[in-house]
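Trainee: Let me see the structure of the following:
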Amino acid sequence: MTYPFLKGHGTQNDFVLLPDHDGSVHGALDPTRVRALCDRRAGIGGDGVLRVIRTASLPELAHLAEHAEWCMDYRNADGSVSEMCGNGIRVFARHLLEEGLVDPAAPIPVATRDGVKTIEVAGSQLRVAMGRPQVLGETAVSVGHLTWAARHVDVGNPHAVAFVDSLDPSGPVGRLLEPPVHDPAVYPLGVNVEFVLRRGDRHVAMRVHERGSGETRSCGTGACAVAVAAAVADGRVAGEEVTYRVDLPGGTLTITWAADDEVFMTGPAEIVARGETAL
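Mentor: Residues are numbered from 1 along each chain as shown. Have a look, this model is predicted:
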């Protein structure tokens, strides 16, 4: 049996999209199928899979159907389930817009395992209300024999944010072929690890190792966690609005931490291909 797919990316964080509006094509979305689709040599290739399904058709999130018609059922490249994906939800919204499934003049609510997120068209880009972050304690991450202090930030999924002196893949952080070592007591389900370099006033660059996917070209929730950690380190006070430019290997995202503590992410999203597969 063949079934349709699309390919899209947000700042080169790339995804396979599976239109499955009533949940009849992919059932429980078996991890083996996800791994096959994301395989960059034998499959289509991607950092994850976004199933496009009506919220009412996904039993575990059907209680959100009154708030959002559409649901982003997201899986990492290894087949594991993730709560949220910041770049992915922009790509998801771009697909809904291009297919005429939502009104471009109105806010677009999308259900996720981290609740309902709202997306708005912002010129050629998309702006996502990502929710209120949890700024948690200090922890540490290690690569090889080197260890850095890290800030634990939860933005719907867990992040460890470490500030470093260089992001050069031939330097101390390295190529991140293996997950950085973290404290399993702090992150029992794994963690996304961001290494951050300051470039100027409210301007940072980052690299990221995403749990279940490895090092990726971009991570939307990671960029939010990085901006929050930078703002905390810079002395942000409650009720202050701050905006950071976050440079990633695949592009740039703009992150605003608003006065009411809501975090907003603005960035591009593109659908680049479509077809059918039997994977």
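Trainee: contacts and neighbour counts: CA atoms only from here.
Mentor: Noted.
Trainee: wait, what's in contact with Val52?
Mentor: Contacts were defined as C-alpha atoms under 8 Å, 6 or more residues apart in numbering; by that measure Val52 touches 17-21, 70-73, 92.
Trainee: export those residues to CSV and tack on secondary structure, neighbour count and pLDDT?
Mentor: Listed next are those as CSV, based on DSSP: H, G, I helix; E, B strand; the rest coil; neighbours: other C-alpha atoms under 10 Å; pLDDT from 0 to 100:
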residue, secondary structure, neighbour count, pLDDT
Leu17, strand, 27, 98
Leu18, strand, 19, 98
Pro19, strand, 19, 98
Asp20, coil, 18, 97
His21, coil, 17, 97
Trp70, strand, 27, 98
Cys71, strand, 30, 98
Met72, strand, 26, 98
Asp73, strand, 24, 97
Phe92, helix, 27, 98
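Trainee: For His182, state which of those is nearest.
Mentor: Nearest to His182 out of these is Asp73 (C-alpha to C-alpha; 27.0 Å).
Trainee: now the closest one: how far from Val52?
Mentor: As for Asp73, its distance to Val52 is 7 Å (criterion: C-alpha to C-alpha, to the nearest Å).
Trainee: Also Val143?
Mentor: The gap separating Val143 from Val52 is 36 Å, by C-alpha to C-alpha.
Trainee: All the strands of the stretch 151-279 of the chain, in order from the start?
Mentor: 158-163, 192-200, 203-210, 214-216, 242-248, 251-257, 263-267, 270-277 (DSSP state E, counting those that start in this stretch).
Trainee: now, of the ones you listed, which is deepest in the fold?
Mentor: Ranked by mean neighbour count, the strands of the stretch 151-279 of the chain are led by strand 158-163 with a mean of 26 (mean count of other C-alpha atoms under 10 Å).
Trainee: Contacts for that strand next, please.
Mentor: Here strand 158-163 has contacts from 139-141, 148-153, 187, 190-198, 222, 225-226, 229, using C-alpha under 8 Å, 6+ apart.
Trainee: tell me which residues in stretch 39-58 are buried?
Mentor: Using 16 or more other C-alpha atoms under 10 Å as the burial criterion, the residues of stretch 39-58 that qualify are 39, 44-58.
Trainee: ok, which stretches of the stretch 101-250 of the chain are helices?
Mentor: Counting by DSSP state H, counting those that start in this stretch, the stretch 101-250 of the chain has these helices, from start to end: 220-233.
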